[in-house]
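>>> Need a 3D model of the sequence below.
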Amino acid sequence: MKVIDIHSHFFPKTWPSLQDKFGGNDWPWLKHLPNDGTGLDKAMLMKGEQAFRPIYSACWDAEVRLQQMEEQGVDQQLISATPILFAYQKPVEQALYCAQIFNDAALDICAQGQGRLFAMAQVPLQDPDAACVEASRAMASGHVGVQIGNHVGNKNMDDEGIVTFLQHCASENISVLVHPWDMLGGERMPKYMLKWLVAMPAETQLSIMSLILSGAFERISKDLKICFAHGGGSFAFQIGRVDNAWNHRDIVREDCPNLPSSYTDRFFVDSAVFSDESLQLLTNIMGNDRVMLGSDSPFPLGEQRVGTLVREHQQLSTSSKSKILGENAMSFFGL
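Sure, this is the predicted structure:
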């Protein structure tokens, strides 16, 4: 049974100073930390002078990553940037520079991966034309798809520019992973990682619903291969509420000609939901053909032993597990 993790993150060990190049005091950089005797190099991801997140060498060292994959029975893994690197709020020239250096860095890591690591590209999504060009360049360079954030400022996934980019991906057979970022309501969630625990699932549901209720899925080719991270956020649990609203309020269905739940054949989700009950609900709503293994490693909020939730699930059949663990990803990404 092949095991392919489609949702993991990387950082290069180093990259050119974005602050020196562009100015400003909010650019990401890594502060490498003294050895603590664990055998793993560690660093603090900084945003300007503010500490953002502790990370360790699995983010940049292919050998460490491969060792962990071997220990956990993972055959292949896709790596993608962490959203703090997107630079959507910056001028497009700056975001394009970031996309190019981080996309090339991802390929450098994968080149050391013994054929087991594959890269997802980032693009300057605030400019659809530039995003299309970079997505095509990245695919020609060896990436297997693109990862995008679920919004650009106040523009949701149904924004015409983002829809244009998705159409481009459909026409060029570029697989898309949508990752939530820059979460709403942050001023009300200053503690306990609530932005990640509450707002992030809401962001993902918002991105799915914006494509469904706006009628965007009606305009985008069915050739589009698009997957939403973290099990689609709160979508699976709330889709019954959405269907009910569509049935009883005309303002919900004015741009959406079909029952919202009928659009689950237009997208995929990953399996990063962390409980048997949640995974059972997710497969009930989406079907086993529409879920792919995603760990969100190597971060603390990710699955600590990749694939365990799916492998040890008591209600999933062997056939379903095989699809979720690897078969669906092989088809989706053309691996």
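>>> What residues does L66 make contact with?
Contacts for L66 (C-beta atoms under 8 Å, 6 or more residues apart in numbering) come out as G113, Q114, R116, L117. (C-beta placed from N, C-alpha, C; glycine too.)
>>> By neighbours, which of those wins?
L117 (22 neighbours; other C-beta atoms under 10 Å).
>>> these two touch, right, that residue and V74?
No: applying C-beta atoms under 8 Å as the test, L117 and V74 come out as separate, 10.5 Å apart.
>>> How about residues contacting stretch 16-26?
The contact list for stretch 16-26, computed with C-beta under 8 Å, 6+ apart, reads W27, P28, W29, K47, G48, E49, K90, Q94, Y97, C98, I101.
>>> 7 Å instead, please
If you take C-beta atoms under 7 Å, 6 or more residues apart in numbering as the criterion, stretch 16-26 is touched by W27, W29, K47, G48, E49, Q94, C98, I101.
>>> Report the buried members of the residues you listed.
W27, W29, Q94, C98 (16 or more other C-beta atoms under 10 Å).
>>> Narrow those to those in helices?
Within the buried ones among the contacts of stretch 16-26, residues falling in helices by DSSP state H are Q94, C98.
>>> Strands along this structure, start to end?
4-10, 28-32, 42-47, 50-56, 76-81, 117-121, 145-149, 176-179, 226-228, 268-270, 291-292 (DSSP state E).
>>> which residue ranges form the helices in the stretch 51-200 of the chain?
62-72, 92-111, 128-141, 160-171, 194, 200-213 (DSSP state H, counting those that start in this stretch).
>>> Mean pLDDT for the ones you listed - can I get that in CSV?
CSV is the format used below for these (pLDDT from 0 to 100):
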stretch, mean pLDDT
helix 62-72, 96
helix 92-111, 97
helix 128-141, 98
helix 160-171, 97
helix 194, 95
helix 200-213, 97
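>>> Could you identify which of those is most buried?
Stretch with highest mean neighbour count among the helices of the stretch 51-200 of the chain: helix 200-213 (a mean of 23; mean count of other C-beta atoms under 10 Å).
>>> Touching it from outside, list them.
Applying C-beta under 7 Å, 6+ apart, the contact partners of helix 200-213 are 150-151, 156-158, 178, 180, 183-184, 217, 228-230, 232-235, 238, 242, 252, 255-256, 260, 263, 267.
>>> Just the buried ones from the residues you listed?
150-151, 156-158, 178, 180, 183-184, 217, 228-230, 232-235, 238, 242, 252, 256, 260, 263, 267.
>>> on that earlier part again, need the strands of the chain in JSON lines (columns: mean pLDDT and distance to E327).
Output for the strands of the chain, formatted as JSON lines (pLDDT from 0 to 100; distance: least, C-beta to C-beta, whole Å):
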{"stretch": "strand 4-10", "mean pLDDT": "97", "distance to E327": "9"}
{"stretch": "strand 28-32", "mean pLDDT": "94", "distance to E327": "36"}
{"stretch": "strand 42-47", "mean pLDDT": "93", "distance to E327": "34"}
{"stretch": "strand 50-56", "mean pLDDT": "92", "distance to E327": "31"}
{"stretch": "strand 76-81", "mean pLDDT": "97", "distance to E327": "12"}
{"stretch": "strand 117-121", "mean pLDDT": "98", "distance to E327": "16"}
{"stretch": "strand 145-149", "mean pLDDT": "98", "distance to E327": "17"}
{"stretch": "strand 176-179", "mean pLDDT": "98", "distance to E327": "18"}
{"stretch": "strand 226-228", "mean pLDDT": "98", "distance to E327": "14"}
{"stretch": "strand 268-270", "mean pLDDT": "98", "distance to E327": "12"}
{"stretch": "strand 291-292", "mean pLDDT": "98", "distance to E327": "9"}
